[in-house]
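Novice: Need coordinates for the below:
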Amino acid sequence: MNSNQQPFVFTPQVVLLPFLFILLIWLVYWSEIRFGFRFNEYGVYPRTLKGLRGILLSPFIHGSLKHLWNNTIPLFLLSAAIIYFYRSQRWMIFLIGLFGSGLITWIIGREANHIGASGFIYVLMSFIFFKGVITKYYRFVAVSLIIMFLYGGMLWYLFPIEPHISWEGHLGGFTTGFLLAVFLPVVYAKDTYEWEKEEFVPENDPFMKHFDADGNFIETLPDEVEEIPQALPQIKVNYIYVDTSKINEEE
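Specialist: Numbering: from 1, shown residues only. Predicted coordinates:
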């Protein structure tokens with residue numbers, strides 16, 4: 001397995017691919033400011049044939065500098081985590097996640113142009129969290145807990161608490177990430193300890209042989225001591241007591 005498929009190996013792709021994606025969305029926003037373009041109409045417009053193009057284009061379009069900045073850091077960190085921990089599945093996660101979140105938004109969304117990369121961010125967050133829970137592999141569980149600690153507050157925006165925020169896009173991304181975590185198989189090299197190997201014999205292990213099948217400690221003698229002698233030779237120790245007080249008085 002080469003470095004492009006093996007997980008838990010840091011390569012330039014871990015930071016290069018997220019950086020290029022971030023650079024592209026910033027260039028799109030810069031071109032809007034510099035040349036007066038307005039790309040909002042290329043967002044996802046629900047239940048219209050023309051609005052389907054937004055499934056691929058909307059993640060690159062943002063309505064304001066604040067909107068773009070709020071998506072930049074989580075997009076970089078989450079996509080880098082996907083590449084590092086799920087290297088062989090990264091393109092499938094990215095493509096299916098992008099298409100799935102946009103399609104769900106197209107189906108359930110309000111009649112408005114839904115733009116921004118936040119739906120895709122919810123795909124990555126949801127996948128990382130649920131995949132760690134499903135696999136129970138300690139590395140995936142650890143990154144799941146870190147992601148929830150950093151971005152757990154994003155769960156509030158799955159609901160229509162603010163009218164100008166596309167909660168439908170967030171919900172579509174979250175649902176897509178969950179489905180990917182459930183159905184997308186992840187192959188990884190799990191650490192195998194000595195006691196998990198088939199050829200392991202507890203009786204031959206210098207540590208495990210001190211415990212029985214129930215885990216109770218067994219007091220054993222060293223291997224070189226076969227039996228305890230029934231009668232040990234008696235050893236006499238003579239103590240001589242000298243009263244130093246009398247010696248001092250005589251002096």
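Novice: in stretch 70-88, what's buried?
Specialist: Using 16 or more other C-beta atoms under 10 Å as the burial criterion, the residues of stretch 70-88 that qualify are 70-72, 74-87. For the C-beta atoms, the positions are set from N, CA and C on the backbone; glycine is no exception.
Novice: Helix or strand next in line after the helix or strand where P18 lies, which one?
Specialist: According to DSSP states H and E, P18 maps onto helix 13-35. Going down the chain from helix 13-35, the next helix or strand is helix 54-57, by DSSP H and E.
Novice: State the mean pLDDT of that following helix.
Specialist: In this model, helix 54-57 carries a mean pLDDT of 96.
Novice: And for stretch 66-77?
Specialist: 96.
Novice: what does stretch 89-97 give?
Specialist: For stretch 89-97, mean pLDDT rounds to 96.
Novice: got it, and stretch 163-179?
Specialist: Average pLDDT, stretch 163-179: 96.
Novice: go on, stretch 147-154?
Specialist: 93.
Novice: cool, stretch 104-114 as well?
Specialist: Stretch 104-114 carries an average pLDDT of 96.
Novice: And the helices in the protein, which stretches?
Specialist: Counting by DSSP state H, the chain has helices at residues 13-35, 54-57, 65-85, 90-108, 118-135, 138-151, 167-183, 244-250.
Novice: will you turn those into CSV that also has distance to T48?
Specialist: Shown next, in CSV, are those (distance: least, C-beta to C-beta, whole Å):
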stretch, distance to T48
helix 13-35, 22
helix 54-57, 10
helix 65-85, 23
helix 90-108, 8
helix 118-135, 18
helix 138-151, 32
helix 167-183, 15
helix 244-250, 112
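Novice: for the ones you listed, which one ends up most surrounded?
Specialist: helix 118-135 (a mean of 24; mean count of other C-beta atoms under 10 Å).
Novice: for it, packing partners?
Specialist: The elements that helix 118-135 packs onto, with contact taken as 3 or more C-beta pairs under 8 Å, 6 or more residues apart in numbering; DSSP states H and E, are helix 65-85, helix 90-108, helix 138-151, helix 167-183.
Novice: Against F35, how distant is the closest residue to N113 other than its chain neighbours?
Specialist: Excluding its sequence neighbours, the residue lying closest to N113 (C-beta to C-beta, 6 or more residues apart in numbering) is G43, at 3.7 Å. For G43, the distance to F35 (C-beta to C-beta, to the nearest Å) stands at 19 Å.
Novice: follow-up on the earlier one: can you say which of the helices and strands packed on helix 118-135 is nearest to L27?
Specialist: helix 65-85 (11.1 Å; C-beta to C-beta).
Novice: quick one: contacts of the closest one?
Specialist: Helix 65-85 is contacted from outside by 7-8, 10, 13-15, 17-19, 21-22, 25-26, 29, 62, 90, 93-94, 116-118, 120-121, 124-125, 127-128, 139-140, 143, 147, 150-151, using C-beta atoms under 8 Å, 6 or more residues apart in numbering.
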